[in-house]
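Peer 1: below are the sequence and a predicted model for it; my questions follow.
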Amino acid sequence: MKKNLFGMAAVVAMGAGAGSVSAQDADVLSGDTRLACEAILCLSTGQRPSECTPSLDHYFRIKKKKLSDTLEARLGFLNKCPVANQTPQMSTLVRAISRSAGRCDAASLNSALQMSTSGDGGEIYIGNRMPDYCVIYTDHAYTDFSQTKPIYVGLPENGGYWVEAKDYERALTEYNARPEAEHRNYWWGGT
């Protein structure tokens, strides 16, 4: 199984190896250290339990004037978890989370991927290629977004857009019905 969320949880909980976090320390993580470890776990899945609220609130409250500074500050927070850089896989995961969490949902993609066909007066469309930072995050071996990753509906040149996975079937039906209704209205004199 590609997704190894349980393995990653065990790594965070147990300290992933000799000398990093003692068994006693693993049981008493507190403060920012505990919140950072919880945030890593919670941001590694699209299905987050209510127990994630404190750590996610803390993580998303980290904001700076520039996006790049915000992302670096969030990375610094996540690195407070003792296992954040213990293995190459965990280091990659933490960096992917800090660059992508909160930026790879359907609403964010629809906003970030808007493009114009020709300058200010051109038609606006939404790109159908997920940014590399989102691909790295959602496809990471330690994440589980298989059932929750946003999906693109339609074609960019025909008003396509991103939707949350749970809304895909409804959105696809609406998208497919839209051109038919527009075509019918044109031929029958409707508005």
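Peer 2: The structure has been received and is ready for your questions.
Peer 1: quickly list what V153 is bridged to.
Peer 2: Y161 (DSSP bridges).
Peer 1: pull the contacting residues for it.
Peer 2: 160-163, 168, 171-172, 175 (C-beta atoms under 8 Å, 6 or more residues apart in numbering). For every residue, glycine as well, the C-beta is placed using N, CA and C.
Peer 1: same deal with R95?
Peer 2: Counting by C-beta under 8 Å, 6+ apart, R95 makes contact with L75.
Peer 1: could you report the separation of it from A177?
Peer 2: Applying C-beta to C-beta, to the nearest Å, the value for R95 to A177 is 42 Å.
Peer 1: for A101, same thing?
Peer 2: According to C-beta to C-beta, A101 stands 34 Å off from A177.
Peer 1: compare these two and say which one has the larger neighbour count.
Peer 2: Under the criterion of other C-beta atoms under 10 Å, the comparison of A101 against A177 puts A101 first, with 21 against 10.
Peer 1: rewinding a little: need the contacts of V153 in a markdown table (columns: pLDDT, neighbour count and distance to T148).
Peer 2: As requested, these are exported to a markdown table (pLDDT from 0 to 100; neighbours: other C-beta atoms under 10 Å; distance: C-beta to C-beta, whole Å):
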| residue | pLDDT | neighbour count | distance to T148 |
| --- | --- | --- | --- |
| G160 | 93 | 16 | 20 |
| Y161 | 96 | 19 | 17 |
| W162 | 97 | 24 | 13 |
| V163 | 97 | 22 | 12 |
| Y168 | 96 | 16 | 11 |
| A171 | 94 | 19 | 15 |
| L172 | 94 | 14 | 17 |
| Y175 | 92 | 17 | 20 |
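Peer 1: how about the strands of this structure, start to end?
Peer 2: Along the chain, the segments classed as strands by DSSP state E run 114-116, 124-126, 151-153, 161-163.
Peer 1: for T33, find the nearest of those.
Peer 2: strand 161-163 (35.0 Å; C-beta to C-beta).
Peer 1: what sits up against that closest one?
Peer 2: Contacts of strand 161-163 (C-beta under 8 Å, 6+ apart): 106, 109-110, 113, 126, 150-154, 171.
Peer 1: of all those, which two lie farthest apart?
Peer 2: It's L113 and A171 that sit farthest apart of the contacts of strand 161-163, by C-beta to C-beta, at 16.0 Å.
Peer 1: excluding residues flanking it in the chain, which one is nearest Q47?
Peer 2: Among residues not flanking Q47 along the chain, T148 sits closest, at 6.3 Å (C-beta to C-beta, 6 or more residues apart in numbering).
Peer 1: hang on, I meant I97
Peer 2: L43 (4.8 Å).
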